[in-house]
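Asker: this one's structure only:
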């Protein structure tokens, strides 16, 4: 789960990181008031869940309340990579003497949290990783011991020369790790960590991705979710325990298992059409989940046919068949349905489907071709 | 032959009385897996289906049954501790089916499992099957047949799809391993590939990957460097948009990294034949077998 910068800043501040105070505003007038309160010279930043806000024009400096109002007028309502800016963050502008990148991710290869720092701060770190990987210094953290002081100091020396500043940076890294661990993040990033003209270290940006799998430990984070940042159908799917991503095509798919769901989408493309969505009903699917999945798919007006691709394992085909029958009764299904099911309790499922005159095949290629035909043929 | 499990596997089922645990315990027993006990705290002394003893702890179960493997069906909240408990009691193979374990839990689980000398398969995986000998997990046994092709995959049902095609073409499998769709997993592609390479009867391997991370690319380099057994590949997610998690916690294209395109190119560059769709895997395997 992605959260906004202003939310991440608060989490970081709560864990002892030096993050300047900020305001959140939704109108140019509010931004002007915030600028006044913060002492005049401010930075205004779009609050949307995408990277590269600066490059897209979503971050602006203003030297007083009037300029802040004007800048906010440009940013609010702006479309950044398909997301409309509804709120901005207003923070005091700082005079920057030096900037660095600091981030913690869970590294798949070492199977540990890895702290990365780079003197090339303030820019796209993925670009640094590609172009000049030697500029990124890293340490793998053993979660049983946490980020040790000497490890944090070593990375501090990679950025700074003066011992006092290195010590201060090391404390910041340890605070960042404490935050990362406490909130079950999959990413916690300060980009940039700056040295101000006055010689102070400040975290003037904050980025956090939370681990969806750990949200059960943090019910309080539900309040951080921004419903405007995801499509309504995706919100509904998540609440119903389904995994759904809307796409642009016409063939709706309901599949059990993420890998098979992706392979089904790929096969639709292979045969010349476009999938309308990714939808994984997951394992142990009860009939209710199938009804919910159908409702979500049918809410997409682009969908011209619905394809079921079920390979029973932990999912039982008869549960899915019962779900399809229930959906036909409960919902206004106005597009053709084609079904492929095989595996656990396949025979029972075929019996159930026979009762509503729905044929099923056990070939994935066949069902995909059939669905494309019913959805109006291959894309032009 | 086979890898990781065979007729000598003596299995415990952690969470044997739950909805999924009980259903799949029965399926495993019917398949011929030696299920020697179940573990459910608070239900020690009872029996499952009047024949399988249930224990309160894994340690007790191991002491009483000589189990050497354990499969975990417990919910995500308790799953990390279930893995610790299995590793602590000395079983050599732990298979975690559970989906949804927090990734930071896994960063702690992995060093512990290694310290105890156990092997973990999963989490968030379908488990494994050595057709005709033993199955551990949730793979449907009836779609498999004994033979000489190894299958290793990050996916669950997509693995069944591929096995279904192989069996339909009369190509049997030595062992099929679902390694799981999470970012941190106990057994990697490379672990499985090297086990298959050492297995005298595995004559070809099918590797099924998906978007996210670089495990497939590393595995491809390993195949070129260290394997004589031919490998055939398939990658799911060519139509997946960047930055969106496609179900699996590990299936996400971040920046330009982890795309299906990049992985397919890497596999081909390392001499691995890559199928365009699941059905094409059969032809490539037939070619590899000669």
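Answerer: Arrived safely, thanks for sending. No experiment lies behind these values; they were computed from the predicted model shown.
Asker: The closest residue to residue A:320 other than its chain neighbours: what secondary structure?
Answerer: Nearest non-adjacent residue to residue A:320, counting by Cβ to Cβ, 6 or more residues apart in numbering or on different chains: residue A:310, 5.0 Å away. Glycine gets a C-beta too; all of them are placed from N, C-alpha and C. Secondary structure, DSSP: H, G, I helix; E, B strand; the rest coil: residue A:310 is strand.
Asker: pretty sure residue A:310 is in contact with residue A:341, am I right?
Answerer: Yes. Between residue A:310 and residue A:341 there is a contact under Cβ atoms under 8 Å: 4.1 Å.
Asker: Between those two, which has more neighbouring residues?
Answerer: residue A:310 (30 against 26; other Cβ atoms under 10 Å in any protein chain shown).
Asker: ok, that one - contacts?
Answerer: Contact partners of residue A:310, counting by Cβ atoms under 8 Å, 6 or more residues apart in numbering or on different chains, are A:255, A:256, A:317, A:320, A:339, A:340, A:341, A:342, A:343.
Asker: nearest to residue B:122, of those residues?
Answerer: residue A:256 (17.8 Å; Cβ to Cβ).
Asker: Against residue B:240, how distant is the closest one?
Answerer: 17 Å (Cβ to Cβ, to the nearest Å).
Asker: Sketch out the strands for the stretch 151-290 of chain B, chain order is fine.
Answerer: B:173-178, B:204-210, B:231-236, B:273-274 (DSSP state E, counting those that start in this stretch).
Asker: And for the shortest one, what's in contact with it?
Answerer: This means strand B:273-274. So strand B:273-274 is in contact with B:232, B:233, B:234, B:235, B:264, B:267, B:268, B:284, B:287, B:288, going by Cβ under 8 Å, 6+ apart.
Asker: What would I type in ChimeraX if I wanted to highlight the buried members of the residues you listed and nothing else?
Answerer: Burial among the contacts of strand B:273-274 is assessed by 16 or more other Cβ atoms under 10 Å in any protein chain shown; the matching ChimeraX selection reads:
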select /B:232,233,234,235,264,267,284,288
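Asker: Low-confidence regions, the stretch 51-200 of chain B specifically.
Answerer: Applying pLDDT under 70 to the stretch 51-200 of chain B flags no residue at all.
Asker: who in it is up against chain A?
Answerer: B:76-77, B:97, B:99-108, B:110-111, B:126, B:138-140, B:143, B:153-161, B:164, B:181, B:183-184 (Cβ under 8 Å from any Cβ of the partner chain).
Asker: low-confidence ranges in chain A?
Answerer: Using pLDDT under 70, chain A drops low at A:284-285, A:379-380.
Asker: quick check: longest helix of it.
Answerer: helix A:163-182 (DSSP state H).
Asker: The closest residue in space to residue B:271 that isn't next to it in sequence: how many residues sit nearby?
Answerer: Spatial nearest neighbour of residue B:271, chain neighbours left out: residue B:224 (5.6 Å); criterion: Cβ to Cβ, 6+ apart. Counted with other Cβ under 10 Å, residues neighbouring residue B:224 total 13.
Asker: again with residue A:173
Answerer: Count around residue A:173 with other Cβ under 10 Å applied: 26.
Asker: Around chain B, which positions in the stretch 51-200 of chain A sit nearby?
Answerer: A:106, A:108-109, A:111-113, A:126, A:142-144, A:181, A:184, A:186.
Asker: meant to ask about the stretch 201-350 of chain A
Answerer: A:211-214, A:216-217, A:243, A:245, A:247, A:255-263, A:265-270, A:274-275, A:278, A:280, A:282-284, A:311-315, A:342-344.
Asker: Tell me, how many residues neighbour the nearest residue to residue A:76 once chain neighbours are set aside?
Answerer: Nearest non-adjacent residue to residue A:76, counting by Cβ to Cβ, 6+ apart: residue A:85, 5.7 Å away. Residue A:85 has 21 neighbouring residues, counting by other Cβ under 10 Å.
Asker: Over to residue B:39?
Answerer: Residue neighbour count, defined by other Cβ under 10 Å, stands at 30 for residue B:39.
Asker: outside of the longest helix of chain A, which residues touch it?
Answerer: Taking Cβ under 8 Å, 6+ apart as the rule, helix A:163-182 contacts A:11-12, A:14-18, A:102, A:104, A:113, A:115, A:117, A:141, A:143, A:146-147, A:149, A:152-153, A:155-157, A:159-160, A:185, A:188, A:190, A:193, A:195, A:199, A:201, A:203, B:104.
Asker: From these, which land in helices?
Answerer: Those of these lying in helices (DSSP H): A:11, A:12, A:14, A:149, A:152, A:153, A:155, A:156, A:157, A:159, B:104.
Asker: rewinding a little: which one of residue A:256 and residue B:240 has more residues nearby?
Answerer: residue A:256 (32 against 28).
Asker: Name the nearest residue to that one, ignoring sequence neighbours.
Answerer: Nearest to residue A:256 is residue A:315, by Cβ to Cβ, 6+ apart, at 4.3 Å.
Asker: got a list of what the one you found touches?
Answerer: A:256, A:257, A:281, A:282, A:283, A:284, A:285, A:343, A:344, B:157.
Asker: Residue A:195 too?
Answerer: Applying Cβ under 8 Å, 6+ apart, the residues near residue A:195 are A:96, A:97, A:98, A:99, A:160, A:165, A:201.
Asker: Closest to chain B out of those residues?
Answerer: residue A:99 (20.7 Å; Cβ to the nearest Cβ).
Asker: right, and the closest one touches residue A:159 too?
Answerer: No. Shown here, residue A:99 and residue A:159 do not form a contact pair, counting by Cβ under 8 Å, at 10.1 Å.
Asker: between these two, who's got more neighbours?
Answerer: When neighbours are counted by other Cβ under 10 Å, residue A:99 and residue A:159 differ, and residue A:159 comes out ahead with 22 against 17.
Asker: Kindly state the beta-bridge partners for residue A:116.
Answerer: residue A:103, residue A:138 (DSSP bridges).
Asker: who's in contact with it?
Answerer: Contact analysis of residue A:116 by Cβ under 8 Å, 6+ apart lists A:101, A:102, A:103, A:104, A:105, A:125, A:136, A:137, A:138.
Asker: so what sits against both of residue A:310 and residue A:341?
Answerer: A:317, A:320.
Asker: Residue B:172 touches residue B:150, doesn't it?
Answerer: No. In this structure, residue B:172 is not within contact of residue B:150 by Cβ under 8 Å, at 10.9 Å.
Asker: These two: who's more crowded?
Answerer: Shown here are residue B:172 and residue B:150; by other Cβ under 10 Å, residue B:150 has more neighbours (27 against 15).
Asker: what helix or strand is that one on?
Answerer: strand B:146-153 (DSSP states H and E).
Asker: Measure how that strand sits relative to strand B:204-210, angle-wise.
Answerer: 20 degrees (axes from the mean of the first three to the mean of the last three Cα atoms, to 10 degrees).
Asker: in its sheet, what does strand B:146-153 sit against?
Answerer: strand B:173-178 (parallel), strand B:204-210 (parallel).
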